[in-house]
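Asks: give me a 3D structure for the following:
(chains A, B and C)
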Amino acid sequence: MVWVNDVIQGILTGGLYALFACGLSLMFGVMKVVNLAHGDLAVVGGYVALGVIAITHVPVLWSFIIVVPIMALLGYLVQRTLIQAALDRSILTTLLVTFGLSVVIENGLLQFVNADSHSLGVNNAIITASFSIGSQISIAYLLLLILVVAVAVLLGLQFFLSKSKYGRLIRAVADDKEAAQLSGVDYRHVFGIAAAIAFGSVALAGIAQGMYSQFAPTTGTDTILLFAFAAVVIGGLGSLWGTLVGGVVLGVAQEIGSQINSSDGFLAGYIIFLIVLLVRPQGLVARGATS
Amino acid sequence: MSLVAETTARSAENYRVTRSRRNVAWTGLFALAAVVVLYEFPYIVGPGTTTIITQAFIILTMASMWNLLAGYAGLVSVGQQVFVGLGAYIVLALNIHNISVFTALPVAVIGCGVAALPLWYLVSRLRSGYFAIATWVLASTVMLVIEKIGWLGSGTGLSLPHTPNVSAAVFTAYNYWCGLAVTVLAMLSVYLLLRSRLGLALTAIRDDEVAARSSGARVGLVRMLVFVIAGAGCGGAGAVLAISLPIVQPSAVFDVQWTAVMAFAVIIGGLGTIEGPILGTVVYMVLQQELQSYNVWYLIILGLVAIGVAIFARRGLWGLVDDHLHLRLFPVGYWLWDPASSGRRSRGLGLGRRRGRHS
Amino acid sequence: MSGTNAVSGQVDGSTPLLEVRELSVHHGQLEALHRVSLRVFPGEVYAIIGANGAGKSTLLRTIAGLHRPTDGSILFDGQDLTRVRPERRAIRGIVMVPEGRRLFPSLTVEENLLVGATYARKGPWTIERVYELFSWMAERRGQPTAQLSGGEQQSVAIGRALVANPRVLLLDELSLGLAPVVVQRIYAMLPQILATGLTVLLVEQDVSQALRVATRIQCLLEGRTTLEGRPADVTVQQVEAAYFGLTGTPAAGAGGES
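Replies: Okay, here's the model as predicted:
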């Protein structure tokens, strides 16, 4: 029953994918921006963590406390300046600008760091260990932790959106930003907050990626962006919990794929994504959004 | 005079609409002369320069196609590299079976055009941003599939096995002429398309899709046609690329950098104008040649400039030229002659141009 | 106290609360408003009438800040607001109930009101007071607004504007898409709203309804003013002529070009 282990592994990695995806989903849901630099931002988060750890010697597991706020602030600033300026022109311009950002970030990293892969070494023995259920199933504590964090982030986001003042404003602005203006809401500021959340969450995901495996300057576009997007589409555009479902489906597909043929993991994931595109462009957890 | 009477007096009958016929003759001559001169280049300059210009042809073809997609059909594709790669691999595949690369080239062009159809079916229902990433996923998927094919060289790639038995300089010239042919064909197609009724439909769709649809424009059909042409064009560029590379590798020909370069060239040169891609390609080549020794700096600078242009100078460099000189090398527009301005040409409602207040 | 006597509609020549001077607005190349002026005094109900496409909603939206005028100015309490962003105008006290209600569909009734109250000024209106005004609302406060009827949605939209404690309330085509009896009920609320010190500027397609509630009216045709005055001072024929643009005897008190 090896496949049971595959499914479990897939569910675990699904948590990481959901963490990648929720920021992308949020930015599209609120401001209709598809951030093509999203994956690269995760990598930037990883490199910032490396730098922070080198300077402050904070343990890897706690580096997010410093990195996430930095990235969130960066998100607010980038949104209020670049992305808002692009949004004021047209949706096409936002695509061009975020694509440009992606290329600049990647090549900037290549130029100023180097092309090697890095990882955030976790020294804590407990975290790097795994426990077994029966003889077939092995669960790494780190992956489990990442899944727990992902669910916690999604829960937190849901709570924030439904109960808090800014969560309400974000939902209102996402519905109708003009009507929100008539009620005194500066939607640019609200967009900034949404972007801050998106950048912060994807940086967290980048740190998780760094702990669990590794990242390099091109990882953002090689894998992360496509995984995040696939998770969003499979789970349904506009659905927060859908990103978890999508992430899990993607993770499981990749695990099963790599069991069939060790290099086919990614391919299996993409094929599932393409099938979903073909059959149900809205994704598996509905909420039509092909417009 | 009452409002009603006033508007009737300024009715359309008093305006004249002309196609700039005089311009066409000059453009045609100019283009023909340019092609002849370009044809002669390999006899005049050395192989080094020839190779550089071949690269420029590849970029120019891709840029024209991306411009057609994004600037006219409103389709931002971040996965055009799929056709570049497919074009390259069709040439490789045919060449492995002993077919000359020069015969393989047109096959690659047509093949990519045909391949564009199922791909279009997959992505056509998605809107803007999701269309973009979906094309990227498609490109990655196709690359992964090709990487598994052993006889095409898998991940490490393969050199073209059956190239003509000529000196390197001559082969470079052959490659150059292939590039020239593909580019001329590409730009001619774009020009003819935009001058035709389909071109009119394109601009209508780009400016206001709902209005265009209700006027009878077959939006889906026109967009699909553009996607197919762009696919064929990028395939041609990929074929020329394959001939010019020492080895055909998935990671090189399916690289998303190709889309980055096409897009940046177009944005900087001028999105939505035919002349834009030419200008953008020139800028790109200059930057690349100047900054070659500085690694990837030219891409960083290109990217930053493109971002700046996209936000502040929407119509790019050509837009700036056009604004000040009212020049149009490739006339595809109509000019509106306002009788009230005593025969002076009013600001034309050119095709491929968004005039009036920006909303 | 200066301003308009809300009952008799007398204007005593004091400073207007809201003033529009020679406003011109373009939609692309189309001129929607041509040098339109108006003055609204505190406590008034000022109605703008006109046929479809006359420019009424454009005028209101420009006052709210959603359109940039090409010429002219907008003054609120003597201060030039022409370049001020819409959300800042709302905070200063000009709040619009937009055409078509435009409630936030993924928010409940109460959440819609809460959004309206987020940047509210100090004043008599609270969410509780809105629940008193519309007696049915309190029980349905947790319902998503998509489940409400047209009239109920209109009430919520008005409530959302009221909780911001505006000084000038802009009402854009309240009657659109609603049954006449519902419209009457909503307009019947106006006195209670005015009693708290608000001024109302409204756009209305239903001319008789407008004439019934307004202290002064202004008629627009193709972006130009064709009639202004008090309902008591204009005849039906004059209103018709101004509304449809029939030439003949000039309308009493007509301002601007025609």
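
Asks: how many residues are close by residue 33?
Replies: If you meant another chain, say so; for now it's chain A. 27 (other Cβ atoms under 10 Å in any protein chain shown). Backbone N, C-alpha and C define where each C-beta goes, glycine included.

Asks: ah, I was thinking of chain C
Replies: C:Leu33, neighbours per other Cβ under 10 Å, totals 28.

Asks: so after the host helix or strand of it, what's the next helix or strand?
Replies: Here C:Leu33, judged by DSSP states H and E, is contained in strand C:30-40. Next helix or strand after strand C:30-40 toward the C-terminus (DSSP H and E): strand C:45-50.

Asks: contacts for that next one, please.
Replies: C:6, C:38, C:40, C:56, C:59-60, C:190, C:194, C:199-205, C:207, C:210-211, C:213-221, C:239, C:243 (Cβ atoms under 8 Å, 6 or more residues apart in numbering or on different chains).

Asks: per-residue pLDDT, residue 285?
Replies: Answering for chain A, as no chain was given. pLDDT recorded at A:Val285 is 52.

Asks: right idea, wrong chain: chain B
Replies: 91.

Asks: do I have it right that it meets B:Ile52?
Replies: Yes: counting by Cβ atoms under 8 Å, B:Met285 touches B:Ile52, with 7.1 Å between them.

Asks: who has more neighbours, those two?
Replies: B:Met285 (17 against 14).

Asks: that one in helix, strand or coil?
Replies: The three-state assignment at B:Met285 reads helix, by DSSP: H, G, I helix; E, B strand; the rest coil.

Asks: need the contact list for it.
Replies: Counting by Cβ under 8 Å, 6+ apart, B:Met285 makes contact with B:52, B:55-56, B:59.

Asks: now, which of those lie within helices?
Replies: Among the contacts of B:Met285, the members falling in helices (DSSP state H) are B:52, B:55-56, B:59.

Asks: can you report how many residues lie near A:Ala152?
Replies: 10.

Asks: and the longest helix for chain B?
Replies: Max-length helix for chain B by DSSP H is helix B:168-195.

Asks: contacting residues around the nearest residue in space to B:Leu271 that is not next to it in sequence?
Replies: Of all residues beyond its chain neighbours, the one nearest B:Leu271 is B:Gly71 (4.3 Å), with distances taken as Cβ to Cβ, 6 or more residues apart in numbering or on different chains. When contacts are counted by Cβ under 8 Å, 6+ apart, B:Gly71 is found next to B:206, B:266, B:271-273, B:276, B:352.

Asks: wait, doesn't A:Leu24 sit right on A:His38?
Replies: Yes: proximity of A:Leu24 to A:His38 meets the contact threshold set by Cβ under 8 Å, at 4.9 Å.

Asks: mutual contacts of those two, please.
Replies: By Cβ under 8 Å, 6+ apart, the residues touching both A:Leu24 and A:His38 are A:198, A:202, A:228.

Asks: tell me how far the first one lies from A:Val44.
Replies: A:Ala198 sits 13 Å away from A:Val44 when distances are taken as Cβ to Cβ, to the nearest Å.

Asks: low-confidence stretches in the stretch 1-150 of chain A?
Replies: Residue ranges of the stretch 1-150 of chain A with pLDDT under 70: A:1-2, A:123-127.

Asks: and the helices in it?
Replies: Using DSSP state H, counting those that start in this stretch, the helices of the stretch 1-150 of chain A run over A:2-31, A:38-56, A:64-78, A:84-89, A:91-112, A:125-128, A:141-163.

Asks: to chain B, which of those helices lies closest?
Replies: For chain B, the closest of these is helix A:91-112, at 3.9 Å, according to Cβ to the nearest Cβ.

Asks: enumerate every residue touching B:Ala186.
Replies: With Cβ under 8 Å, 6+ apart, B:Ala186 has these contacts: B:60-61, B:64-65, B:233, B:236-237.

Asks: now, of those, which are buried?
Replies: Neighbour counting by 16 or more other Cβ atoms under 10 Å in any protein chain shown classes B:60-61, B:64-65, B:233, B:236-237 among the contacts of B:Ala186 as buried.

Asks: for the residues you listed, give me JSON lines that also has secondary structure, distance to chain C and pLDDT.
Replies: Shown next, in JSON lines, are the buried ones among the contacts of B:Ala186 (DSSP: H, G, I helix; E, B strand; the rest coil; distance: Cβ to the nearest Cβ, whole Å; pLDDT from 0 to 100):
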{"residue": "B:Leu60", "secondary structure": "helix", "distance to chain C": "34", "pLDDT": "96"}
{"residue": "B:Thr61", "secondary structure": "helix", "distance to chain C": "36", "pLDDT": "96"}
{"residue": "B:Ser64", "secondary structure": "helix", "distance to chain C": "30", "pLDDT": "96"}
{"residue": "B:Met65", "secondary structure": "helix", "distance to chain C": "31", "pLDDT": "96"}
{"residue": "B:Gly233", "secondary structure": "helix", "distance to chain C": "34", "pLDDT": "96"}
{"residue": "B:Gly236", "secondary structure": "helix", "distance to chain C": "39", "pLDDT": "96"}
{"residue": "B:Ala237", "secondary structure": "helix", "distance to chain C": "38", "pLDDT": "96"}
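
Asks: show me which of these is closest to C:Pro105.
Replies: B:Met65 (40.5 Å; Cβ to Cβ).

Asks: buried residues, stretch C:49-56. List them.
Replies: Buried-residue list, stretch C:49-56, by 16+ other Cβ under 10 Å: C:49-51, C:54-56.

Asks: go on, stretch B:92-111?
Replies: For stretch B:92-111, by 16+ other Cβ under 10 Å, it's B:92-95, B:101-102, B:104-105, B:107-109, B:111.

Asks: same check, this time on stretch C:73-93
Replies: Buried residues in stretch C:73-93, counted by 16+ other Cβ under 10 Å: C:74-77, C:81-82, C:84, C:86-87, C:89-93.

Asks: now, the most widely separated pair of those residues?
Replies: Taking Cβ to Cβ, the two most distant members of the buried residues of stretch C:73-93 are C:Leu75 and C:Glu87; they sit 18.8 Å apart.

Asks: in chain A, what residue comes closest to chain B?
Replies: Residue nearest to chain B within chain A: A:Val34 (2.5 Å; Cβ to the nearest Cβ).

Asks: hang on, that residue packs against B:Gly129?
Replies: Yes: in terms of Cβ under 8 Å, A:Val34 counts as a neighbour of B:Gly129; the distance is 2.5 Å.

Asks: which residues are in contact with stretch B:85-95?
Replies: Here stretch B:85-95 makes contact (Cβ under 8 Å, 6+ apart) with B:101, B:103-105, B:107-109, B:111-112, B:115, B:139, B:142-143, B:146, B:152-153, B:158, B:160-163, B:234-239, B:241-243, B:245, B:248, B:250, B:253-254.

Asks: please pick the buried ones from these.
Replies: When the contacts of stretch B:85-95 are checked for burial by 16+ other Cβ under 10 Å, the buried set is B:101, B:104-105, B:107-109, B:111-112, B:115, B:139, B:142-143, B:146, B:152-153, B:158, B:160, B:234-239, B:241-243, B:245, B:248, B:250, B:253-254.

Asks: for chain C, what's the nearest residue on chain A?
Replies: Residue of chain A nearest chain C, by Cβ to the nearest Cβ: A:Gly184 (3.4 Å).

Asks: and the closest residue to that residue other than its chain neighbours, what is it in contact with?
Replies: Distance criterion Cβ to Cβ, 6+ apart; nearest residue to A:Gly184, sequence neighbours excluded, is C:Tyr119 at 3.4 Å. Neighbour list for C:Tyr119: A:183-185, C:87, C:90-91, C:164 [criterion: Cβ under 8 Å, 6+ apart].

Asks: I'm done for today, thanks for sticking with me.
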